[in-house]
Every structure is written in structure tokens, then in C-alpha cells.
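> 3D model of this:
(4 chains)
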2 protein chains.
Amino acid sequence: MTTIYEVSKLAGVSLATVSRVMNNNTNVSDATRKKVTIAMKELGYRPNSIAQSLASNCSNSVGLLVSEIHGPFYGPMMGSIESTFRAQAKHVIIAAGHSDVEHEQQAIEFLINRNCDGLILHVEALSDEYLIELSKGKTPFVLLNRYIPEIAHHCIILDNVKGGYLAAKHMLEQGHINIAYISGPQWKKDAQDRLNGHKQALAEHNIPFNEQLLYHGDFMEDSGAEGFKYLHNNTQFSALICANDEMATGAIACARESALVLPEQLSVMGFDNVFFTRHIYPPLTTINYPINDMGKMAANWILSEVYKKTTPPIQTVFEPELVVRQSVLVNAQ
Amino acid sequence: MTTIYEVSKLAGVSLATVSRVMNNNTNVSDATRKKVTIAMKELGYRPNSIAQSLASNCSNSVGLLVSEIHGPFYGPMMGSIESTFRAQAKHVIIAAGHSDVEHEQQAIEFLINRNCDGLILHVEALSDEYLIELSKGKTPFVLLNRYIPEIAHHCIILDNVKGGYLAAKHMLEQGHINIAYISGPQWKKDAQDRLNGHKQALAEHNIPFNEQLLYHGDFMEDSGAEGFKYLHNNTQFSALICANDEMATGAIACARESALVLPEQLSVMGFDNVFFTRHIYPPLTTINYPINDMGKMAANWILSEVYKKTTPPIQTVFEPELVVRQSVLVNAQ
DNA sequence: TTGTACGCGTTATCAG
DNA sequence: CTGATAACGCGTACAA
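The predicted structure is shown next:
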């Protein structure tokens, strides 16, 4: 491994000067800069990033914690984050939290121990208190898809209330009256918000919310199927809205097993617009979650707050959008 | 930040001793070990991993290069790799190569410059020569899904020939005679292999290979649709095998637009068993690619070769398996 | 504009 | 078993 010292020797300058041409650029004459550059090329010099980190107290690495590394939701998010960072010569270290308190906590400590300069966190199980406490530590972080008033500045979120509202509104506008709803777990804020938006749209159309039409799922595919079965056995409805696409997928599969024709006999909507929603049958009408943009924004947050780079202005709340496909019957009676 | 020095002072021992209790365990009396441990706890000491890396010339990081960070194929792979490494306190740095020579090369240099101890590479565009040359460098690497005879020891692959064979055999056993095939790009070895396996099964059943039934796709969804259109307009077939699931998805969507009923009027198979294949309609019969196991094996390769850990024996070629769902008509006449 | 010298927090090689 | 002390490769005041 060729070091800064060998370069300085070959170029006939001090090693401080070599260091300068690599970093500051300022205060070094063109003549010596050229000498050094040539020497570096000749030796095929590559700075040792570890040594740089130790000396500068900056690892140029950012930790990325997601619930699951596989999974259709996180892929695009991770992708956009990685590309924004690599363009700035930062690297991203990934970790999975598995929606579990201990895992999430361990992962965060792991990342901090790795000297990450900053963290991007998509956590579900950790308490607000823990995160507020964490914000007092020395490693800055952004929260993706989570809002905590005390550290609002750290949060990049989707307007889930509006998303829930848009979904219900679309169903109502197609003439549906009896709309069943499979929610996410109510200890998750986003699940609450989506349901609230749903209720809000109902209220606007003067339709009382019917508890009979509500089933509490857990955002997983199976609970969509279970929810459908439960609702189907206990009540009547022409439309079903699920709080995310996975549950909608499970519900649809189950509905088909029950010999229902979609969307004629049952209209279904999801939420998230995960990429495979256009592959299922019928292609799923859903609410778009601009996860790419939000991932990029989180990366920009870090770039701006941690690395003091100038970035486009930071946007903290994003807007959901209706995506119409073919799983909803238009103009129901 | 509390350093090893402060710990040593509080424990009343030397720096070296503190370092010993952290690493070797060997050659340090129980009494002093206890003193040191207590001091560490009391100060909440966290070793600085960067300093450790510099001194030990080992970053405990491994680079992971995939074509796309999103995408159903890579997610599970990255997931299993991350979890095996984190269990050993190694961290993984991700990068995307976008199936492009320049991107892939840049990514590898990026990872090497980051002092990764080892690399796991899923590259598509880079030449064999480049990789052979790379193997002479100082950073060890495994190749996932690519076989290069000169560096066979570095390769972890699927038996694609057998996969192609299994798919065709299944179709043949269901009574299909006219089997169309949409291949991957023929400059990719795996695409070639799958096609060869296909031909092999045909030969075993004494069915001559018909060039009219072959369309060269590029592994992307759209080319599946295009391939179907082309074949559908030019020839007759009761079955279609696609060299991967994305193309099968595209072909199915297109076939349905052509008012074909699946699988009654057309049987379709894919390859990879990407997770969403069970969500499409009809659920896709396909060939399983044990990408999880292979990712884990790649991680073990690194653990063994780079970190000299003892691991389960390294398996370099994996077996594909038939996954029967509902996209193939059974017992066609 | 350039060079000197020290510090970053550990590991590792010697003696003792 | 333990303690000095020299690396590791680079950044950065401070001095020149």
C-alpha cells in the first residue's frame, strides 16, 4: 500500500502539502500541485479512508436501518438513498430491525459503534422516549415515516390522514356505501392516521362509521385474508379498503377463493403502491407512497445537517396520491 | 468519547492490558480482567472501531455489490447476507452496479477504497478478464451467479442448465408439445445455460427444437410482453416458458390482453421464484432459485476466507427446484 | 506558500 | 502475566 509519505518523497514536498492537495485545494501553488498530482498518479496512490476517518473524526459513512431488507417497500427506499450518498462519496451501512424493540436497539448501537456520521432510521417498535433520548446523543439521525412532536425536525413523513381520506373518497365517489376497512395495528401512528382519514371522508359524505365493517389487521398479508373472512362472514359490503397493499393482496386472494368476481362483486383498494400491485389481478387501485422521494430527502437531510452540504430545501411531509387501476368497480349503483 | 487510556487509568493498569481483555482474552489474570471490565462498564467505554481498523489493518466491513438495490431478486439476497454478517459483528456496505460496466467498475473501486476486507459481487456487465485481474489484487471477493473457470473457487452459482431442463420437462410431462421460449440475453451465461437445459429436455423427449418458437428477451418485463406478441403472431403454441419471472409476468399480462384464458389456452412458466410470483394471476409455476441460501453461503465464504472463521463447508453450486402453482394446464392432450 | 510536529484511539512487539 | 513504546496513515495547528 502506497502512503501519503511516499507520494511526498517522490514529489519532493512535505506530506502536509500532499494532504493539502487532496483536501483544501486552497493555499498551494499550481506548480507544486501539479508535481504532487503526477506523483500520485505514478504511484497509483489511493488515500486510506480509515486513516482519514481517524484523523478527521469523520467516517463518511451513514447507517441505514430498515425493518426488513427484503420486502417491496424498503428496496426502492434503500436504492434512492444509496445513489444520493454515493454521488457524494459517502457510503451506507445497512442493518435490519425486524420491527422488534431489541433488534432495532441493537442495530442502532451497532451502527453508532461503527462510527456512522449520521443515521437514517425506519423503526417501528422503538418508543418515542428512546428516540427522544437518542436525539440528545452525538450521532444525528432522521426518522422516516414517523412523527414525534418533540423532535419534529428529525421526521420525514407521509400525510397518512390524507391518504386514508383519498382512498375512502374514491370509493365513495364510485357510489360505494358499505365500505369495509382492514386497518393496520393501532399502536402504529400511520395505521391510526389512515383510519382517521377514512372516517373523515365517510363523515363528509354523511355516512356513519360502522364498527361492524372494521377489522384490525397487522399490515401482513395473512391478516388481510383473515380480515376478509371475518368481515365476509359477519356483514355485507361492496367495497373493501385495506391499510396497505400486502393486506389487500391477501384479501383479494381469499375473496377469489370465496368465488367472488373482482371488481364486479367486490371492489378493493390498497395503500402504498408497492411495485407488485400492478401485477396482481385485478391490478390494484391504491394510494401512492412516494418512498423514493422520501428516501432521497432523508439522504439530503443528512447531507445538509451532518456534512453541511447545500441541498434542495428539506421537505418533511409528503403528499399521497390516488393511483387508479382496475380493482374498483366504477359507478357502482 | 472515553478512550482506552481513561479505562486503563481508572483500572490502574496499562493500555496494553485493556486492549488484551478486549481481544485476546489469553494471558491476563482473572483479577485484572475483572478490574478492567468494571472500569469499562463504569465509563461506558465503547471501542473506537475506526482506530481499531487502522491499527489492526482490518475494517470488519464487507462490500456488497448488486445490480439494483430494489428489485425482488436482490432483496432476499441482501437480507440473508446482512444477517449472517451482523451476527459476526461485520458490517456490510451496499452499492449498486446497474448492470453497466462503468457503474460496476466504479462501485468496486469505491468499495475497495473504503477498505472493505472482502467483497460479494453480483455483476453482470464486467468482463471475465477484469474479474480475473481483480482476483490478483489484495481484496478477496466472491462472485454470485457467475462462473469463471479461471477463478472457479470464487464462484457461487446455480445449476441453470438443470433449471432450464426442469422447466421444460415439467411442461412436456403435462403433455405440451409446442413450447415457446423467451430467453434472456445470450451474452449472459445464465441465460445460455437455461436455454441449453431447455433444449436438452426437448431432445430427451425426441422433440426437435424449433427456432420459430424462440424469442430473445432481455430479462426485463417488457421484453416478455414483446416476446409473447411476436410469438403469438408468428406461430402456434400451447405453452410458454420464460427465462425469468419478470418476463413471464409481462407475457402473462400481454396474453390476457389478447383475451387468452390462462392456463386453459396457454400455460406459462417462469424462473427464479421471486416472491411476487404467487401474487400474480394465475399464480406462477416456476423454478426456485435458492437465493437466500446462496447469499448466506457467499457470506460464509468471506467469513472463512477473509476472517478465518470456521463455517459450514462451502457449497459452490446450488440446485434449482420446480415450484408448481397454477399457471400450467395439467395433462394437456 | 510550505514544512514540522503532534494527535487521532488502537493494536502489536518487545522486554521484564 | 504485564507494561512501555512503536507503529497504523493521515489531518492540522503552528511556525517558518
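> what's the end-to-end length of stretch A:92-101?
Using Cα to Cα, to the nearest Å, the gap from the first to the last residue of stretch A:92-101 comes to 22 Å.
> can you show me the helices along the stretch 101-250 of chain A?
Counting by DSSP state H, counting those that start in this stretch, the segments of the stretch 101-250 of chain A that form helices are A:101-113, A:128-134, A:160-173, A:189-204, A:221-234, A:245-257.
> put the alpha carbons of the last one into CSV.
Which is helix A:245-257. This file holds the C-alpha atoms of helix A:245-257, laid out as CSV (Å, rounded to 0.1, in the frame of the first residue of the first chain):
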residue,chain,number,x,y,z
ASP,A,245,-51.1,-3.4,-0.2
GLU,A,246,-49.9,-6.6,1.4
MET,A,247,-53.2,-7.0,3.3
ALA,A,248,-55.1,-6.1,0.1
THR,A,249,-53.3,-8.8,-1.7
GLY,A,250,-54.2,-11.4,1.0
ALA,A,251,-57.8,-10.2,1.0
ILE,A,252,-58.0,-10.5,-2.8
ALA,A,253,-56.6,-14.0,-2.8
CYS,A,254,-59.1,-15.0,-0.2
ALA,A,255,-62.0,-13.3,-1.9
ARG,A,256,-61.3,-15.2,-5.1
GLU,A,257,-61.2,-18.4,-3.2
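> near chain B at all, stretch A:211-222?
No: Stretch A:211-222 does not reach chain B (Cβ under 8 Å from any Cβ of the partner chain); its nearest approach is 8.8 Å. For glycine as for every other residue, the C-beta is placed from the backbone atoms N, C-alpha and C.
> and the contacts of that stretch?
Applying Cβ atoms under 8 Å, 6 or more residues apart in numbering or on different chains, the set of residues contacting stretch A:211-222 from outside is A:178-186, A:188, A:191, A:195, A:223-224, A:226-227, A:230-231, A:234-235, A:237, A:242-244, A:246-247, A:249-250.
> just the buried ones from the residues you listed?
A:179-185, A:188, A:191, A:195, A:223-224, A:226-227, A:230-231, A:237, A:242-244, A:246-247, A:249-250 (16 or more other Cβ atoms under 10 Å in any protein chain shown).
> within reach of DNA strand C, which of those residues are there?
For DNA strand C, no contacts are drawn from the buried ones among the contacts of stretch A:211-222 by Cβ under 7 Å from any atom of the strand.
> contacting chain B as well, which ones from those?
Contacts with chain B within the buried ones among the contacts of stretch A:211-222, as defined by Cβ under 8 Å from any Cβ: A:Thr249.
> now tabulate the helices of the stretch 101-250 of chain A in JSON lines and tack on mean pLDDT and distance to B:Asp218.
Written out in JSON lines, the entries for these read as follows (pLDDT from 0 to 100; distance: least, Cβ to Cβ, whole Å):
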{"stretch": "helix A:101-113", "mean pLDDT": "96", "distance to B:Asp218": "37"}
{"stretch": "helix A:128-134", "mean pLDDT": "97", "distance to B:Asp218": "45"}
{"stretch": "helix A:160-173", "mean pLDDT": "98", "distance to B:Asp218": "35"}
{"stretch": "helix A:189-204", "mean pLDDT": "97", "distance to B:Asp218": "38"}
{"stretch": "helix A:221-234", "mean pLDDT": "97", "distance to B:Asp218": "31"}
{"stretch": "helix A:245-257", "mean pLDDT": "95", "distance to B:Asp218": "27"}
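> tell me the residues of the stretch 51-200 of chain A that contact DNA strand C?
Remark: the part of the stretch 51-200 of chain A in contact with DNA strand C comprises A:Leu54, A:Ala55, A:Asn57, using Cβ under 7 Å from any atom of the strand.
> I'd like the distance between the last one and B:Met1.
This points to A:Asn57. The span separating A:Asn57 from B:Met1 equals 9 Å under the rule Cβ to Cβ, to the nearest Å.
> what about these two, which has more around it?
Between A:Asn57 and B:Met1, counted using other Cβ atoms under 10 Å in any protein chain shown, A:Asn57 has the larger neighbour count: 11 against 8.
> which pLDDT value belongs to that one?
The confidence metric pLDDT takes the value 94 at A:Asn57.
> distance check, it against chain B.
With the distance defined as Cβ to the nearest Cβ, to the nearest Å, A:Asn57 ends up 9 Å from chain B.
> against A:Asp100, how distant is that residue?
Taken as Cβ to Cβ, the span from A:Asn57 to A:Asp100 is 32 Å.
> same check, this time on A:Asn24
Note on A:Asn24: its distance to A:Asp100, by Cβ to Cβ, is 46 Å.
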